[in-house]
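Colleague: Give me the fold of what follows.
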Amino acid sequence: MRNSVHILILCLASLFVAGCDESVSDVPAPEKEIWVNLNIGVALSDAAKPVRSSRADGNEEAAANEAEKMQTLRIVVVDKNGDVEANRFLYAGSVVEYGEEHFKVRANETKQVYVFVNENNESVKVYDATGGLVADLHDYLGGIEVGEPFPRESIEGLEIRLNDGVDSELDAVGDASAQSAGGLPMSKCESIEVYDKDMSHDIYLHRAAVKFTFNIKNESSLDRVLTGLSIDKMAYREYYLPRVDEYKYVGGKPTEIVDFDTPSPEGTNNGYYTFEKSFERGISLPKGKEVTAPLVYLLEGKYESAAVADAAKNYSMTISLNGAKTQAKVFDNLDRLPRNTHVVVNITIKDRTIKWGVDLRPYGEVKLDPDFGLDRD
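Modeller: Here you go, the predicted structure:
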């Protein structure tokens, strides 16, 4: 009898164990977390492919001066849940190509990678979506904590502004001579699909400014003095993180911005204004010589006009010679200036006329041949 009881107990126990084993086998084993290397290379859109052999092998010929190069670099990696996986600040060393930076990330998901360049330039004024000045952009971006949600809405709402004294209701500008100075800001966000193996990805940036070069040739019979210049329909504000609707690609690289969005407060047309630059001491323009005026860096913009054929939507420029302002030249078919555009203005002074031409880079050349006399009021 006692043996029969023991046998019954063992049978019941074996059934219980078998039942547990069966229920456990129905539960899928947790997936193994896979980590891989994500290698990010960064370069300006007009530079070559980032060099793999070192972290910073800059092509010094691609930028005219230090302001147009990467001096500091921040890369932020955001995972599929919107949490920050990495926030790394780097001193780039004044280059246009930055080899590779390596990140250990979770595999098999789409990452959002944000790149910010020259964030510690104190001369560039950045404002949040409420219109408040970001006093220290370096601290602001450095405060994005790893493991915390990425503040996407706040970052995408940041704006660069040139004029602190703008009254949007009156559509007036406080300082019409303000321009970008120092290391030009650059930024971008790209989605990267990361699989279960190490990978490399290159990000190409566009400088958040439009550069103007004025080449002035004096072919008149008299020496002249350049005392000022102006550019109409400039924007005093732009998004810090570009909002690009369309790129032009060359060899798989986004070389040009074709269409983009700008901040547009209702009723102000983005506060477009006439940039005015005065040269108090004047710039000598000897007869028979060509002189290049100091570079001007302004913000991207596109003037919106109700009439498609309205010439008022196009940009116009003037120069002042010996204190007298020339008649404004309206540039046909020039109604938008994306960031990273180089506007080369070629001016030839004759005795009674001035010839203007503009070369948009990387857009290509637009030739214009208006003749007109100098205002002598």
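
Colleague: CA atoms for contacts and neighbours, from now on please.
Modeller: Fine.

Colleague: Quick check: Glu153 is in a helix.
Modeller: Yes - using DSSP: H, G, I helix; E, B strand; the rest coil, the assignment for Glu153 is a helix.

Colleague: Tell me where the model's unsure across the stretch 101-250 of the chain.
Modeller: Scanning the stretch 101-250 of the chain with the threshold set as pLDDT under 70 gives 164-174.

Colleague: tell me the helices in it, going along the chain?
Modeller: Taking DSSP state H, counting those that start in this stretch, the helices of the stretch 101-250 of the chain run over residues 137-142, 152-156.

Colleague: hmm, who's touching stretch 288-308?
Modeller: 162, 179-181, 208-220, 233-238, 262, 269, 272, 283, 285, 312-314, 335-339 (CA atoms under 8 Å, 6 or more residues apart in numbering).

Colleague: Next, the contact list for the nearest residue to Asn87 once chain neighbours are set aside, please.
Modeller: Using CA to CA, 6 or more residues apart in numbering and skipping the chain neighbours, the partner closest in space to Asn87 is Val76 (4.4 Å). By CA under 8 Å, 6+ apart, the contact list for Val76 reads 84-88, 113-115.

Colleague: follow-up on the earlier one: so which of the contacts of stretch 288-308 are in strands?
Modeller: Per DSSP state E, strands hold the following members of the contacts of stretch 288-308: 210-218, 233-234, 237-238, 283, 285, 336-337.

Colleague: picking up where we left off before, of the helices of the stretch 101-250 of the chain, which approaches Arg224 most closely?
Modeller: helix 137-142 (43.4 Å; CA to CA).

Colleague: Just the CA atoms of the closest one, as PDB, please.
Modeller: Extracted as PDB, the C-alpha positions of helix 137-142 are listed here (Å, rounded to 0.1, in the frame of the first residue of the first chain):
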ATOM      1  CA  LEU A 137      23.700  77.400 -27.300                       C
ATOM      2  CA  HIS A 138      26.700  75.200 -26.300                       C
ATOM      3  CA  ASP A 139      25.100  74.600 -22.900                       C
ATOM      4  CA  TYR A 140      21.700  74.200 -24.400                       C
ATOM      5  CA  LEU A 141      22.700  71.400 -26.700                       C
ATOM      6  CA  GLY A 142      25.100  70.000 -24.100                       C
END
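
Colleague: And that helix, how far out from the chain middle?
Modeller: With CA atoms, centre = their mean, to the nearest Å as the basis, helix 137-142 stands 17 Å off its chain's centre.

Colleague: in that helix, what's buried?
Modeller: 137-138, 141 (16 or more other CA atoms under 10 Å).

Colleague: Tell me the bridge partners for the residue nearest to Asn87.
Modeller: Going by DSSP bridges, Val76 is paired in beta bridges with Asn87, Tyr114.

Colleague: pLDDT score for it?
Modeller: Val76 is assigned 98 on the pLDDT scale.

Colleague: and what of Asn333?
Modeller: With respect to pLDDT, Asn333 has a value of 70.

Colleague: how many neighbours does it have?
Modeller: 12 (other CA atoms under 10 Å).

Colleague: tally of neighbours for the nearest residue to it once chain neighbours are set aside?
Modeller: Nearest residue to Asn333, sequence neighbours excluded (CA to CA, 6+ apart): Asn314, at 6.8 Å. Neighbours of Asn314 under the rule other CA under 10 Å: 20.

Colleague: Buried members of the contacts of Val76 into ChimeraX, please.
Modeller: Applying 16+ other CA under 10 Å to those leaves a buried subset, and the ChimeraX line that selects it is:
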select :84,85,86,87,113,114,115
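
Colleague: rewinding a little: tell me which of the helices of the stretch 101-250 of the chain lies nearest to Glu276.
Modeller: helix 137-142 (27.9 Å).

Colleague: Which residues are in contact with Val115?
Modeller: When contacts are counted by CA under 8 Å, 6+ apart, Val115 touches 73-76, 186-189.

Colleague: Just the CA atoms from stretch 330-344 would do, formatted as PDB, please.
Modeller: This file holds the C-alpha atoms of stretch 330-344, laid out as PDB (Å, rounded to 0.1, in the frame of the first residue of the first chain):
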ATOM      1  CA  VAL A 330      16.500  94.300 -59.900                       C
ATOM      2  CA  PHE A 331      17.800  90.800 -60.700                       C
ATOM      3  CA  ASP A 332      15.300  88.900 -62.800                       C
ATOM      4  CA  ASN A 333      14.700  85.200 -62.000                       C
ATOM      5  CA  LEU A 334      16.300  85.600 -58.600                       C
ATOM      6  CA  ASP A 335      13.500  85.200 -56.100                       C
ATOM      7  CA  ARG A 336      15.100  82.800 -53.500                       C
ATOM      8  CA  LEU A 337      18.500  82.300 -51.900                       C
ATOM      9  CA  PRO A 338      18.900  79.000 -50.100                       C
ATOM     10  CA  ARG A 339      21.600  78.600 -47.400                       C
ATOM     11  CA  ASN A 340      25.100  77.800 -48.700                       C
ATOM     12  CA  THR A 341      24.500  79.900 -51.800                       C
ATOM     13  CA  HIS A 342      27.500  82.000 -52.900                       C
ATOM     14  CA  VAL A 343      26.300  85.100 -54.800                       C
ATOM     15  CA  VAL A 344      29.100  86.700 -56.800                       C
END
